[in-house]
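Enquirer: missing the sequence, but the structure's below:
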Ligand SMILES: C[S@@+](CC[C@H](N)C(=O)[O-])C[C@H]1O[C@@H](n2cnc3c(N)ncnc32)[C@H](O)[C@@H]1O
């Protein structure tokens, strides 16, 4: 077997394609090209950009395989560009904003600070830590997370037998995008969406649009204090990796305290391989560095999860296989970890 290799020089220039694609998406290039092929001048007129600069951007996008230059000098979008349109179901633009937008860009420029100190760098570039944002920043964050959830949800639904539950509590469930997918697929379920007030505010519209609003109880609160009781399953998707072990342990203990003896906790997030290898579980390993930089949290190995859950009175029963994704290496390494409450003697 040959080891996949990437050239050092290509890695160092990785930010060029990222910004070219993000900028084109934000300008609406792919939305305009979805209507019909256009010349650079037409596109510049539609996006309000400089015509010569637009042609230069389009050439770069051609090089990246997202548009194709035609014989008449116009440009057409390729099928690969479809997720870069705004407002479509599988649009990845909101996720791109989280990683390539102004603030994210400045924050990644401070990675050396995080590596030197072991501390997050988000507040150096933005003046605020994670979840200390204004309403607009929270909206950008939740839109990005919703885009991520929409990509992962079909694989999660294929992997988890949600039909065995009656009530699901999504802890840190954001705007309800995940619950919308689960409840749509399982008409017999109802749910509790638990998050900060700023998240729950956005959930009304999302759940209503999915036609599941009447099956979801919205509860605001702080998962460090307590989470709602009465669930057959508790979901924690992309929550624990935001926090260090002490904080994540408190969240798990709050879940444990709310769980009945038969309830299960489903942790859905990237799991680090015990040993890093070229391109293995790419998303998990990259997300770990992203958490170091942004929140001060961390991704964890299965061993790390075992220790963390046991200390909170939870037994890690099942470590599911990687959910995998044909869409992106960034979605690789996601697993479902199923836990049950231990009684005081360490048994269920
Ligand atoms: C990384 S997001 C994950 C959101 C969602 N589960 C998903 O995967 O799209 C973390 C979530 O934790 C919520 N959160 C942060 N601090 C919280 C707290 N103290 N109590 C309850 N929820 C909190 C955030 O509002 C956010 O929705």
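Expert: Ah, there it is. This structure is a prediction, so every number in the text was calculated from the model and none was measured.
Enquirer: mind checking the SS state of residue 192?
Expert: strand (DSSP: H, G, I helix; E, B strand; the rest coil).
Enquirer: residues contacting it?
Expert: 167-170, 216-219, 228, 230-231 (CB atoms under 8 Å, 6 or more residues apart in numbering). Where C-beta positions appear, they are placed from N, C-alpha and C, glycine not excepted.
Enquirer: Can you get me a residue count around the nearest residue to residue 212 once chain neighbours are set aside?
Expert: For residue 212, ignoring the flanking residues on the chain, the nearest one in space by CB to CB, 6 or more residues apart in numbering is residue 183 at 4.1 Å. By the criterion of other CB atoms under 10 Å, residue 183 has 23 neighbours.
Enquirer: looking at this, residue 183 is in a helix?
Expert: Yes: counting by three-state DSSP, residue 183 falls inside a helix.
Enquirer: Could you pull up the residues touching it?
Expert: 189-191, 210, 212, 215-216.
Enquirer: now, which of those lie within strands?
Expert: Taking DSSP state E, the ones among the contacts of residue 183 that sit in strands are 190-191, 216.
Enquirer: for the residues you listed, which one is nearest the ligand?
Expert: Distances from the ligand to the ones in strands among the contacts of residue 183, taken as CB to the nearest ligand atom, are shortest for residue 191 (12.9 Å).
Enquirer: Does that closest one touch residue 182 like I think?
Expert: Yes: counting by CB atoms under 8 Å, residue 182 is a contact partner of residue 191 at 7.3 Å.
Enquirer: Pull up the overlap in contacts between those two.
Expert: residue 168.
Enquirer: ok, these two, which is more surrounded?
Expert: residue 191 (28 against 22).
Enquirer: Pull up the gap between residue 18 and residue 300, please.
Expert: 27 Å (CB to CB, to the nearest Å).
Enquirer: A helix includes residue 32, no?
Expert: Yes: assessed with three-state DSSP, residue 32 lies in a helix.
Enquirer: I'd like the average pLDDT over stretch 239-255.
Expert: Stretch 239-255 carries an average pLDDT of 98.
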